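> show me the folded form of this:
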Amino acid sequence: MLFYAIRPWQVATWTVLGLSGAAAIVYGVHRNRPRERLPWLLMSGALVLFVIGDLFSALLNSDYLAPYEVPLVVDLCYLAMFALMSAGLLGLARSGSAVRDRAGVLDAITLLLALGLLAWMFLIEPRFRTPGLSPLEQVAAVAYPLADLLLLAMVVRIVIVARWSAPVALLAVGSAGMFTSDNLHLFARLDGFWHIGGPLDAGWMLLYWGWGLAALLPSMVWLTEPRPGPGMELSGRRVVVLGLSSFIPPLVLLFQALRGPVRSPEGIALLCLAMFVLVLVRLIDAMRVHRQALTRERMLREAGVDLVAATGVEQVTEVVRQTATGLMPPHCAHRVILSLDEGAGEAPPPAETMATRPRAAVLCHTGDLPAEHSGALAGFDVALSCPLAPANGTSGGHSIGTLVVAAQENVLRTLQGAMEVLALQAALALSRIMLNDEVNRRDSEAYFRALVHNTADVIMIIGNGDEIRYCSPSAAAMFGRERLEGNHLLDLVVPEERERSAGYLLRARQERRGETTDWTVWGFGDRRLQVEVSSRDLREDPTVGGLVITLRDVTQRRRLERELTHRAFHDSLTGLANRALFIDRVTLAVDRARRNGSITGVLFIDLDDFKDVNDTLGHPVGDELLTAVAERLKGVLRPHDTAARLGGDEFAALIEDAAGTGAIEQVAERVVRALSAPVPVGEQVVPAGASVGVATTRHAGDGDELLRHADLALYSAKGEGKGQWRRYQPALHEALVERLQLKADLDRAIAEQEFSLRYQPVVGLTGRRTVGLEALVRWEHPHRGTLGPGEFIGLAEESGLIVPIGTQVVRQALAMAARWPTHAGLGPYVSINISARQFRTPGVVADLLRELDEAGLPANRLMLEIVESLLLHEEEDVWADLAQLREAGVRVAIDDFGTGYSSLSYLRQMALDVVKLDKSFVGEIAVSEQQRALVEGIVRLANTLGLEVIAEGIETQEQREILAEIGCPYGQGYLFSKPLPPMEALRWLVDDLDDPGAH
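Numbers count the residues shown, from 1 in each chain. Got it, this is the predicted structure:
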């Protein structure tokens, strides 16, 4: 009323009123400190622009009789004012419960389009088409109503989603007043009769005062506080509103069609299409929300099943965390905390306390949570706090804990109901578990009483002076006395352990640790019992008031453990240390030697020809031999040295604190000498010779290196002969590296077929006619040149590569023999050495016969040379293969005859064709009558058995004549020819065919 009364000062008063509303908003924001300040400040700025625009408009139109005009600067102020108002109201709508409420936005847009169409058709368009309007006035005629309509929709949105309060009502009243005055002002402005001081100013005054008072009220903070948002579901009222909004465009179109020509049909059609799309999207969102609800319901149902099966708090916590994580949208950062209140599971609190506790989930700032929760939720702004309070559960309905879930605010609002259900299920599960624990605890008390009286363990309560204050009835069975109360506990311990036992009791009281140890006590009948002792300090417990000691008789168990430990670290046959114990002691000995500067040595001992003993005399004899060797080895070593059996026929010895390397080498010499004497086993005498490798810490830095050096030394000793020892030298390592390189080259040589053959003729000792040639393999190494078999055959045998090498040799030899000249259908045979490993290969007979067939060589022109070890084991499969080859026409010869084990017996048992006399017999035949007599006996024996004899290694004419004189028919050696390359061998045979005996 005062404003209308002082008409000369109305412009100034109007300005003060507008600015007071803006200042009230700023002051209210400063005093009440809402969570989001920017929306309020934008609204304050909008009021300032509104006042400025009105002030300029009033000053420029001070003449009431002149037409009302609005300059461009005023319109710019008004448009900026609308922009700030829109931003502020949108901020209020989004900072509260309407965060990302797409359903509400879609409904609002649908309604806004419908109302906008009505406003356009019946209010804006008639004014827009008024003759004489300037372009700026046409824009104002459209922009101002649409802006008012948009602002009104935002205010309505706030009223719908926010909790009804005085600030919300004041915002609504102020906005309604502005909407009413703005629209009336538009018509008045176009007619040219509006000035400050008119009745329309009351609506804008409501805007200034309403918004200012809304900001001054303390409850204004709730507009930007987190609170439950509206759901996406379609309520009945929303369906009615959306349906009526959808009918507006066609009704407008029908109304215009009935009255005359339709204005803007394209716009109406596009509007109908847009509203149809909005309604369709709204329905799709509703279906999506329904599917999400079904998914959450399924996950909660599964969580309920898991929680029913949970038996502990940890399982409940894990199920809750997994379920809460599954309810979250993909890639959504979150954190879940499930905490129990102190005293949870005890009696329910008083009813008045329960009444003050919230049961629904609360959306709050993380800073408002307890310190233990807010610290764990660093980085999150808001969290959902759900009390674990089953409505009618076993906890009596009071809260037993809290489920706190932190994530994005809109996600928490969406999942609030699901989290409440999950918290309720977790509360029921925890209440059930706590109730079960309480029942079990009460049952366990009765069980404990029965257990103490019936257990075999002795339970004692010890006073501060180590006197026994209580002893369970089981002490009578362990100690043979009914009552031990009043006796000193240490009197039960054997004298040599009392000091250690007293220290244990002292530590149990001082450190309050319940460690476990073993004591030796006097048991029933003065027997020594080993008992396991554990303690627990319960001196502060008023029901106990002492140190609880538990004694368990473990005498038999410890004896068994010692026996098992001994078996785990000792060889069961010989009783010596096994490999694991020996390696452990070597490691410790090397460390001690490094610290005190002493010398430690290791001997690796390997029995010579032990496999032959097992194969010929049987494993029981071999076991007796190993036992005897172990006894001899222990007799050679000092008491503090360690003898071990590493496995099979491998032994080892550890020599500690030696005077020097010479002392260790003397031990190796004694070992070789002690084992050189045969061992009597039953009625037989078995050789026990061994090779020994010696290594010391002089060349080794640790235990592993020392063992490797001893192994290399043993390898060197066995390579240089049997029954001797060798010490490690650095050159052995280089030799091993060279051997490994040679093996790698051997693999490559097989793949690239680098093997060639030389052929040494076998001639008759009387007529000197060539009857055959022995194929000898050579390796054409790309860097080392031509290597003889002695340089690689042994390595090939060990690695198994002899089989592919033998296959290449057979193929080359047969192909070359097929080219040799023949006379009257007869030709020289080719003799090929077959290793034992190659002959034991499955299918060897079929492979040899196939190679003969592919080469086109008759079987009678092939002779296979085998070693005696192949026949040593009396393997029926080997003998059957040899018989099959002989039936096919292939001849079989024993190579290096006379150097093997029990050779003569196999001449009688095995059907052979040829005996090749080793060159060791031929070398001394001219100077030794005994050697000549031995060779003559072998030749006569072979003739008696129908075997041919070939003497190897003939180098002098005298040797040839003696062999021919005693009846040896054939021979080979450097006297006749060295091994020849293939083409030279071919020329040899051509010359021999032309002139037999020319060589």
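> and the nearest residue to residue 771 once chain neighbours are set aside, helix, strand or coil?
Nearest residue to residue 771, sequence neighbours excluded (Cβ to Cβ, 6 or more residues apart in numbering): residue 762, at 5.6 Å. C-betas here are computed from N, CA, C, even on glycine. Counting by DSSP: H, G, I helix; E, B strand; the rest coil, the backbone at residue 762 sits in strand.
> tell me the pLDDT at residue 762?
At residue 762, the model reports a pLDDT of 95.
> that one and residue 768 touch, don't they?
No - counting by Cβ atoms under 8 Å, residue 762 sits too far from residue 768 to count as a contact (11.2 Å).
> more neighbours: the two, which one.
Set residue 762 next to residue 768 and count neighbours by other Cβ atoms under 10 Å: residue 762 wins out with 25 against 16.
> can you pull the contacts of the more buried one?
For residue 762, the contact set (Cβ atoms under 8 Å, 6 or more residues apart in numbering) comprises 770, 771, 772, 773, 774, 831, 950, 970, 971, 972.
> sticking with residue 771, tell me its helix or strand.
Element membership for residue 771 (DSSP states H and E) is strand 770-781.
> so what does that strand touch, helix or strand wise?
Packed against strand 770-781 by the contact rule (3 or more Cβ pairs under 8 Å, 6 or more residues apart in numbering; DSSP states H and E) you find helix 730-752, strand 755-764, strand 785-787, helix 802-817, strand 829-833, helix 982-994.
> let me know which of those is tucked in deepest.
strand 829-833 (a mean of 23; mean count of other Cβ atoms under 10 Å).
> each with direction, which strands does it pair with?
strand 770-781 (parallel), strand 862-866 (parallel) (DSSP bridges).
> can you pull out the helices in the stretch 351-500 of the chain?
351-355, 371-376, 409-414, 416-454, 475-479, 498-510 (DSSP state H, counting those that start in this stretch).
> can I get the third one in PDB? Just the C-alpha atoms.
Extracted C-alpha coordinates of helix 409-414, given in PDB (Å, rounded to 0.1, in the frame of the first residue of the first chain):
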ATOM      1  CA  GLU A 409      24.100 -39.800  -5.400                       C
ATOM      2  CA  ASN A 410      21.600 -40.700  -8.200                       C
ATOM      3  CA  VAL A 411      22.700 -44.400  -8.000                       C
ATOM      4  CA  LEU A 412      22.100 -44.400  -4.200                       C
ATOM      5  CA  ARG A 413      18.600 -42.900  -4.600                       C
ATOM      6  CA  THR A 414      17.800 -45.500  -7.300                       C
END
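> for it, packing partners?
strand 362-365, strand 382-387.
> got CSV for the ones you listed, with mean pLDDT too?
Compiled in CSV, the helices and strands packed on helix 409-414 are given as follows (pLDDT from 0 to 100):
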stretch, mean pLDDT
strand 362-365, 82
strand 382-387, 88
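> for residue 680, find the nearest of those strands.
Ranking the helices and strands packed on helix 409-414 by proximity to residue 680 (Cβ to Cβ) places strand 382-387 first, at 88.7 Å.
> ok, and the closest non-adjacent residue to residue 859?
Residue 859 sits nearest to residue 889 (Cβ to Cβ, 6+ apart), 3.3 Å away.
> what's the answer for residue 38, then?
residue 91 is the one closest to residue 38 (Cβ to Cβ, 6+ apart), at 5.9 Å.
> which secondary structure element contains the one you found?
helix 72-95.
> quick revisit: would you list the helices and strands packed on helix 409-414 in TSV and tack on mean neighbour count and distance to residue 581?
Shown next, in TSV, are those (neighbours: other Cβ atoms under 10 Å; distance: least, Cβ to Cβ, whole Å):
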stretch	mean neighbour count	distance to residue 581
strand 362-365	16	66
strand 382-387	24	61
